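J.: Next come a sequence and a model predicted from it.
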Amino acid sequence: MLAPAKLQRQIVVSVFVAFGFLLGPMHPAIAQALPPGAPVVIGQSAEFSGQSIAKEGTLGARAYFDAVNKRGGVNGHRIELKSYDDGRDVKRSAANTQKLINEDKVFALFGYRSTPSVEAALPILTAARVPMIAPMSGARQIREPFNPMVFHMRASYQQEAAKMVEQLDTVSLRKIAILYQDDPFGQDGLEGFQKAMKERGLTAVAALKYDRRDLNVDAAVKAIVQARPQAVLMACTPVACTNFIKQVKRLDSGEQFYMLSNVTSDDFVKSLGEDGWGVGISQVVPYPWGVGLELKTEFRSALKDAAEPVPVSYASFEGFIAAKLFVEGLRMAGPNPTREKFVAALESMRDYDLGGYTVRFSPTSHNASNYVDMTVIGRDGKILR
């Protein structure tokens, strides 16, 4: 028997798929080529009215697309990114996806942010056979079962969780607690933490949850203080993470905090203020500051000419790299690209170097990278490797 959360998702998926089929064809034939010189329109639904991560990621992507367009586009095709706000509401995400496919006639979907938004879009894009590139989520439920129309650029949350547990075990921090959001995203993180800990003979001293609907972490704070762990592994949204850390630090309990990459943004680090010092965050793209990678040079150059200011952050760098991945796939699809050619081009990428970030796709695997790095927030609020 399916668990309630899984059953609910399955029902939602079935309804959306049925709805899509009832509407009839929702897109041009997948093999229909773009006319010469026509723009390549891609679409996105994300939470722009709330957390800043989607905004930063989109700014980074636009900076790259703008740079490409200034050079004449890709095989004469300019790239246009249409972005709609869904406020992390699955109904709005589904409606946005329908609009992008049916009205805007997008070539592909790109850079969706948040697990619920991606989940809502999956049955719709699958029925329409419209590819989705680089959703900003590492959740297992949007990767399994394999969907031939979705290409994941970043590592999974469970891969991040394993790296965090490895880091703690290496420095002999073994009295570990877990905080997770009580939804599919948080439960995926919880499972990843517990699996990695079990492999190393560790058991959490406490596994505490909070409700995504109100983000109230008060009860979890009290329980963590009583458990007195050395470290807390966290699968939570930026607001809940910030509130939890600030409350616990006011009680001077001495725990160290480690979070998944979903919180990574310039705004999140600023929101922690002085409480950010020593907080660990896993990352799924290379360190965006400094020198040493071709991608960083391109990133800095594009930001200088960007239409609006782009913060240098992991989120904006991820968006930038995702945009480059899309452009490379489009270029490889030839001068008269179709969705079918584009998908085939991406699937032909074997150890493809984007300038310091390598992606690997195939017809049976659309998980491009297992890159995970650990960072920490320094005393000055800067993220350090």
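T.: It's in.
J.: So which residue is dead centre in this structure?
T.: Met136 (1.8 Å; C-alpha atoms, centre = their mean).
J.: From what I see, it and Lys55 are in contact.
T.: No - contact criterion C-beta atoms under 8 Å: Met136 and Lys55 do not qualify, at 11.4 Å. Placement of C-beta: from N, CA and C, glycine included.
J.: count of neighbours near the closest residue to the residue nearest to the centre of the chain other than its chain neighbours?
T.: With C-beta to C-beta, 6 or more residues apart in numbering as the criterion, Met136 has its nearest non-adjacent residue at 4.5 Å, and that residue is Arg113. Arg113: 28 surrounding residues under other C-beta atoms under 10 Å.
J.: what residues are up against Arg113?
T.: Contact analysis of Arg113 by C-beta atoms under 8 Å, 6 or more residues apart in numbering lists Ala46, Glu47, Ile53, Ala54, Gly57, Pro135, Met136, Ser137.
J.: Look at it and report its pLDDT.
T.: We have a pLDDT of 90 for Arg113.
J.: Please report how far it lies from Leu303.
T.: 20 Å (C-beta to C-beta, to the nearest Å).
J.: next structured bit after the helix or strand hosting Gly186?
T.: Per DSSP states H and E: Gly186 is located in helix 184-199. Of the helices and strands lying after helix 184-199 in sequence (DSSP H and E), the nearest is strand 206-210.
J.: Give me the helices and strands touching that next one, please.
T.: Here strand 206-210 touches strand 176-181, helix 184-199, helix 218-227, going by 3 or more C-beta pairs under 8 Å, 6 or more residues apart in numbering; DSSP states H and E.
J.: quick one: which of those is nearest Arg92?
T.: helix 184-199 (17.6 Å; C-beta to C-beta).
J.: In the stretch 1-150 of the chain, where is pLDDT below threshold?
T.: 1-31 (pLDDT under 70).
J.: what about the helices in it?
T.: Secondary structure of the stretch 1-150 of the chain (DSSP state H, counting those that start in this stretch): helices at 4-23, 53-70, 90-102, 115-128.
J.: what separates the shortest one from the chain centre, distance-wise?
T.: Put plainly, it is helix 90-102. Its chain's average C-alpha position is 19 Å from that of helix 90-102, according to C-alpha atoms, centre = their mean, to the nearest Å.
J.: Just the buried residues of that helix, please?
T.: Val90, Arg92, Ser93, Ala94, Ala95, Asn96, Thr97, Gln98, Leu100, Ile101, Asn102 (16 or more other C-beta atoms under 10 Å).
J.: Adding distance to Val205, write those residues out as CSV.
T.: Listed next are these as CSV, based on distance: C-beta to C-beta, whole Å:
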residue, distance to Val205
Val90, 34
Arg92, 39
Ser93, 37
Ala94, 40
Ala95, 43
Asn96, 42
Thr97, 42
Gln98, 46
Leu100, 46
Ile101, 47
Asn102, 51
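J.: and of those residues, the nearest to Pro123?
T.: Using C-beta to C-beta, the buried residues of helix 90-102 come closest to Pro123 at Ala94, 8.6 Å.
J.: What residue in the protein is the furthest from its centre?
T.: In the chain, by C-alpha atoms, centre = their mean, Gln226 is the one farthest from centre (33.3 Å).
J.: what's the helix holding Gly186 packed up against?
T.: helix 4-23, helix 115-128, helix 157-170, strand 176-181, strand 206-210, strand 231-235.
J.: just to revisit the earlier point, what residues are up against the residue nearest to the centre of the chain?
T.: 46, 53-54, 57, 111-114, 154, 315, 318-319, 322.
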